[in-house]
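> This is a predicted model, with the sequence first.
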Amino acid sequence: MILISHRGNIFGKDPARENSLDYINKALLLGYEVEIDVWHQNGEWYLGHDEPQYLVEEEFLKNNKVWCHAKNILALKKLLKLNAHCFWHQEDDFTITSKGYIWAYPSNEEVENTICVLPEINDCVPKNCLGICSDYIGKYKIENEV
């Protein structure tokens, strides 16, 4: 199962640190993949959920353990040119990532062979998914080791 840290979170939300490079790198070093929020503005790359916050180097976005959630259309276009693993969605039930994965927006419905996003929102226990993206991804790693 693919275990994806949502914005670097492992055992719960930490809004002050989410999408910061140190926080993301910690999750990567612990063996998780990471979903990050990516902006392209004024010729620069940034991370940040609601706005561009943290300047980031282009090479970082090419890491095959990083899932780039494009936050503006320019970021999506440029991420695709970089061949970075990326996607765009707002409130769609599902979207397809640039590498062909089905990214399932948090909902009550579990769909087989998808990346189940934030299952904690609906208090569901993912069973048939290919991967999980969660603020509590550490919990799923522990469950998979048992």
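Nice, I can see it.
> buried sites along the longest strand along the chain?
Selection of the longest strand in the chain by residue count, based on DSSP state E, yields strand 33-41. For strand 33-41, burial by neighbour count (16 or more other Cβ atoms under 10 Å) applies to E33, V34, E35, I36, D37, V38, W39, H40. C-beta coordinates here come from the backbone N, C-alpha and C atoms, glycine included.
> what do you get for stretch 8-22?
Result for stretch 8-22 [16+ other Cβ under 10 Å]: buried residues G8, N9, I10, E18, N19, S20.
> So, low pLDDT: which residues of this structure?
107-110, 143-146 (pLDDT under 70).
> can you give me the helices for it?
Taking DSSP state H, the helices of the chain run over residues 21-29, 73-82, 137-145.
> okay, the angle between the second one and strand 33-41?
If you take axes from the mean of the first three to the mean of the last three Cα atoms, to 10 degrees, helix 73-82 sits at 120 degrees to strand 33-41.
> which secondary structure elements does helix 73-82 contact?
Applying 3 or more Cβ pairs under 8 Å, 6 or more residues apart in numbering; DSSP states H and E, one finds that helix 73-82 makes contact with strand 33-41, strand 66-70, strand 86-87.
> Against which helices or strands is the first one packed?
Identification of packing neighbours for strand 33-41 by 3+ Cβ pairs under 8 Å, 6+ apart yields strand 2-6, helix 21-29, strand 44-47, strand 66-70, helix 73-82.
> Of these, flag the one that's most buried.
strand 66-70 (a mean of 24; mean count of other Cβ atoms under 10 Å).
> Can I get the helices of the chain in TSV including distance to G48?
Below are those laid out as TSV (distance: least, Cβ to Cβ, whole Å):
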stretch	distance to G48
helix 21-29	12
helix 73-82	11
helix 137-145	20
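> Not counting residues beside it along the chain, what's closest to the residue most central in space within the chain?
Note on the chain: the residue nearest the mean C-alpha position is E35, at 1.7 Å, using Cα atoms, centre = their mean. Of all residues not flanking E35 in the chain, W67 sits nearest, at 4.4 Å (Cβ to Cβ, 6 or more residues apart in numbering).
> Verify the contact between that neighbour and E33 for me.
Yes - under the criterion of Cβ atoms under 8 Å, W67 makes contact with E33 at 6.4 Å.
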